[in-house]
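In: take this sequence and fold it.
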Amino acid sequence: MSAAHDDHHHGPAKGITRWLFTTNHKDIGSLYLWFSFAMFLLGGTFAMVIRAELFQPGLQLVEPNFFNQMTTMHGLIMVFGAVMPAFVGLANWMIPMMIGAPDMALPRMNNWSFWILPFAFAMLSSTLLMDGGAPNFGWTFYAPLSTTYAPASVTFFIFAVHIMGASSIMGSINIIATILNMRAPGMTLMKMPLFVWTWLITAYLLIAVMPVLAGVVTMMLFDIHFGTSFFNAAGGGDPVLFQHVFWFFGHPEVYIMILPAFGVVSAIIPTFARKRLFGYDSMVYATASIAFLSFIVWAHHMFTVGMPIAGELFFMYATMLIAVPTGVKVFNWVATMFRGSMTFETPMLFAIAFVVLFTMGGFTGLMLAITPADFQYHDTYFVVAHFHYVLVPGAVFSIMAATYYWLPKWTGYMYDERLGKLHFWLSFVGVNVLFFPQHFLGLAGMPRRIPDYALQFADFNWISSIGGFLFGASQLILLVVVIKCVKGGKKATAQVWEGAQGLEWTVESPAPYHTFTTPPDPKLIHAQ
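Out: The predicted model follows:
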């Protein structure tokens, strides 16, 4: 579908109008990816402020209130501005091509769902300049801290969350409509690439939980401006109700941020192992199981609120059950690599690091699932270490892997492999030096979201901050790689990686048009 789709009477759109009015899924995918990278750098800057303050004990750089604004904005921007839009960008670019569709099902809504995001995040970021400052209540915005005691800017935060949610719902409807209605003849559901499957399931999760988030911020709005008492105990409300409603959204949300990553890794590992993905069907069922279970574990974030023992037992066992389908996936990735003819190009390095480090984050998650143990870990740096292992070497590494993997397809040029590997190794070392010591800090009792700390935590915090600055700085290499690649260089062929059989979906699932060893006819795969 050409960029001139809307505009065919007046010739192709040029310059800024091309990007403002585009209905082309590739253009919109690129917009999402560039936007998410900008947000990644902004959210990363906030994290650098946090790590600089924690570099040594005492209060040196920022006021405690501003420190809390930084932790809040870092979390909100990384989750809603960096990780989620990046995966939506990958979905926009790749899903139509993977299923043989000419574009997304609802191209104009696609444009709208992107273009409301920059305004939402501009508004959210502008709260830093308002009287009373930005939201300072953490990315989980627990009431009554976010209602009774919130800065005035909380209303802008609520509006921004509504806009992000609307964007996510529109994007999800579009993805579901595209996958269910626009697959090429012969491509049954069980022949779709796993990236398409993981996004289909993720889109259903988003449609289920985004209205819950909208509900909880609307209840906040009413408590703040209209005299209701949903979360105000003085008026007969309950602050713990906030946590229940928030985490009923929040737990599926963390799976929304990892399921598309599973799809990316399931595309990359078979390519560089030169083998079919081991256990395709079990991967689909495991993804669906994880999605289902994600809805019945929310209160494991709330073990310390004083719930009945029966509730604690239920949420403990349900949470530990998620380890089963997740373990199936890890087993299948390892089995795919086993006795494969592996090569270690940049996408494969990120994918292998993903498998190892995401699994480590999974093990600390199992520790947190054990109710009596969680009483010790809750709100310490152990929790921070756990979810950053899942989200940084997990979600973020998979986005980087996907970027390197598909850049030749997106641009027509090969990226600089030497710089890519440098970016990988600096990121890999940086991320572990940054987050591994935080496990020890948490086990020793250092609380999260606190700008100052006792002397015994000084050494690990110093190490952690060094890792943070290394990881942050090394992301600029990715920017250089992408810009260099977009500008030109060595032309990418249909067979991008030496010896890789055909294109990326060739080795992943039995696609309709070809045998395993013959590269598909590009005209059949993407009817553009």
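In: hey, let's count contacts and neighbours off CA atoms from now on
Out: Noted.
In: what does stretch 276-295 contact?
Out: Applying Cα atoms under 8 Å, 6 or more residues apart in numbering, the contact partners of stretch 276-295 are 190, 194, 197-198, 201-202, 205, 248, 251-252, 255, 259, 266, 269-270, 318-319, 321-322, 325-326, 328-329, 332-333, 335-336, 507-509.
In: repeat that with 7 Å
Out: 197-198, 201, 248, 251-252, 270, 322, 325-326, 328-329, 332, 335-336, 507-508 (Cα atoms under 7 Å, 6 or more residues apart in numbering).
In: from the residues you listed, which ones fall inside helices?
Out: 197-198, 201, 248, 251-252, 270, 325-326, 328-329, 332, 335-336 (DSSP state H).
In: from those, pick the one nearest Glu345.
Out: Nearest to Glu345 among the ones in helices among the contacts of stretch 276-295 is Pro270, at 12.9 Å by Cα to Cα.
In: what is the burial count for the closest one?
Out: By other Cα atoms under 10 Å, 27 other residues sit near Pro270.
In: quick check: it touching Val334?
Out: No - look at Pro270 against Val334 with Cα atoms under 7 Å: they stay out of range, at 10.4 Å.
In: quick one: buried ones out of the contacts of stretch 276-295?
Out: Buried members of the contacts of stretch 276-295, scored by 16 or more other Cα atoms under 10 Å, are 197-198, 201, 248, 251-252, 270, 322, 325-326, 328-329, 332, 336, 507-508.
In: can you tell me which of these lies closest to Phe469?
Out: Among the buried ones among the contacts of stretch 276-295, His251 lies closest to Phe469 (Cα to Cα), at 29.3 Å.
In: so how far is Gln243 from the closest one?
Out: Computed as Cα to Cα, to the nearest Å, the His251 to Gln243 distance reads 11 Å.
In: what do you get for Ile256?
Out: With the distance defined as Cα to Cα, Ile256 ends up 19 Å from Gln243.
In: so which of the two has more stuff around it?
Out: Set side by side, Ile256 and Gln243 show more neighbours around Ile256, with 26 against 23, by other Cα under 10 Å.
In: count the residues that sit near the nearest residue to the more buried one once chain neighbours are set aside.
Out: Leaving aside its sequence neighbours, Ile256 sits nearest to Thr202 (Cα to Cα, 6 or more residues apart in numbering; 5.4 Å). Neighbours of Thr202 under the rule other Cα under 10 Å: 26.
In: I figured Thr202 was touching Val254, is that so?
Out: No - with contact defined as Cα under 7 Å, Thr202 does not reach Val254; the gap is 10.6 Å.
In: Gly235: neighbour count?
Out: Using other Cα under 10 Å, Gly235 has 11 neighbouring residues.
In: please apply the same query to the one 3 residues further on.
Out: Here the count is done by other Cα under 10 Å, and Asp238 has 16 residues near it.
In: nearest spatial neighbour of it, skipping sequence neighbours?
Out: Nearest one to Asp238, counting by Cα to Cα, 6+ apart, is Phe231 at 4.6 Å.
In: what sits against the one you found?
Out: Phe231 makes contacts with Ala143, Pro144, Gly237, Asp238, Pro239, Leu241, Phe242, as judged by Cα under 7 Å, 6+ apart.
In: as a markdown table, the residues you listed with secondary structure and pLDDT would be great.
Out: Putting the contacts of Phe231 into a markdown table (DSSP: H, G, I helix; E, B strand; the rest coil; pLDDT from 0 to 100) gives the following:
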| residue | secondary structure | pLDDT |
| --- | --- | --- |
| Ala143 | coil | 97 |
| Pro144 | coil | 96 |
| Gly237 | coil | 97 |
| Asp238 | coil | 97 |
| Pro239 | helix | 97 |
| Leu241 | helix | 98 |
| Phe242 | helix | 98 |
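In: sorry, back to before: and the ones in helices among the contacts of stretch 276-295, which is closest to Ala492?
Out: Among the ones in helices among the contacts of stretch 276-295, and counting by Cα to Cα, the member closest to Ala492 is Pro270, at 19.8 Å.
In: quick one: the nearest residue to Pro64 once chain neighbours are set aside from Leu259, how far?
Out: In space, and not counting its chain neighbours, Pro64 is closest to Pro451: 6.0 Å by Cα to Cα, 6+ apart. For Pro451, the distance to Leu259 equals 33 Å [Cα to Cα].
In: and if you look at Ser229?
Out: According to Cα to Cα, Ser229 stands 36 Å off from Leu259.
In: which one's more surrounded, those two?
Out: Neighbour totals were compared for Ser229 and Leu259, and Leu259 leads with 23 against 18 (other Cα under 10 Å).
In: for Asn110, which residues are in contact?
Out: Applying Cα under 7 Å, 6+ apart, we find Asn110 in contact with Thr23, Gly171.
In: go again with 8 Å.
Out: Contact analysis of Asn110 by Cα under 8 Å, 6+ apart lists Thr23, His25, Ile28, Met104, Met170, Gly171, Asn174.
In: so which of those sit within helices?
Out: Here DSSP H is the test, and the contacts of Asn110 give His25, Ile28, Met170, Gly171, Asn174 as lying in helices.
In: and stretch 160-180, what's buried?
Out: The neighbour-count check on stretch 160-180 (16+ other Cα under 10 Å) flags 160-176, 178-179 as buried.
In: scratch that, stretch 441-461
Out: Buried residues in stretch 441-461, counting neighbours by 16+ other Cα under 10 Å, are found at 441-442, 444-449, 451-453, 457-458, 460-461.
In: send the alpha carbons of that stretch over as CSV?
Out: C-alpha atoms of stretch 441-461 as CSV (Å, rounded to 0.1, in the frame of the first residue of the first chain):
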residue,chain,number,x,y,z
LEU,A,441,20.9,-4.8,48.6
GLY,A,442,17.3,-6.0,48.8
LEU,A,443,18.2,-9.1,50.8
ALA,A,444,20.1,-6.9,53.2
GLY,A,445,17.0,-4.7,53.6
MET,A,446,17.5,-1.6,51.5
PRO,A,447,14.0,-0.2,50.7
ARG,A,448,13.1,1.0,47.2
ARG,A,449,12.2,4.5,46.2
ILE,A,450,14.3,6.1,48.9
PRO,A,451,17.0,8.7,47.9
ASP,A,452,19.3,8.1,50.9
TYR,A,453,20.5,5.0,52.6
ALA,A,454,22.6,3.6,55.5
LEU,A,455,26.3,3.2,55.1
GLN,A,456,26.3,-0.6,54.7
PHE,A,457,24.6,-0.3,51.3
ALA,A,458,27.2,2.0,49.9
ASP,A,459,29.5,-0.4,48.0
PHE,A,460,26.7,-2.2,46.1
ASN,A,461,25.1,1.1,45.2
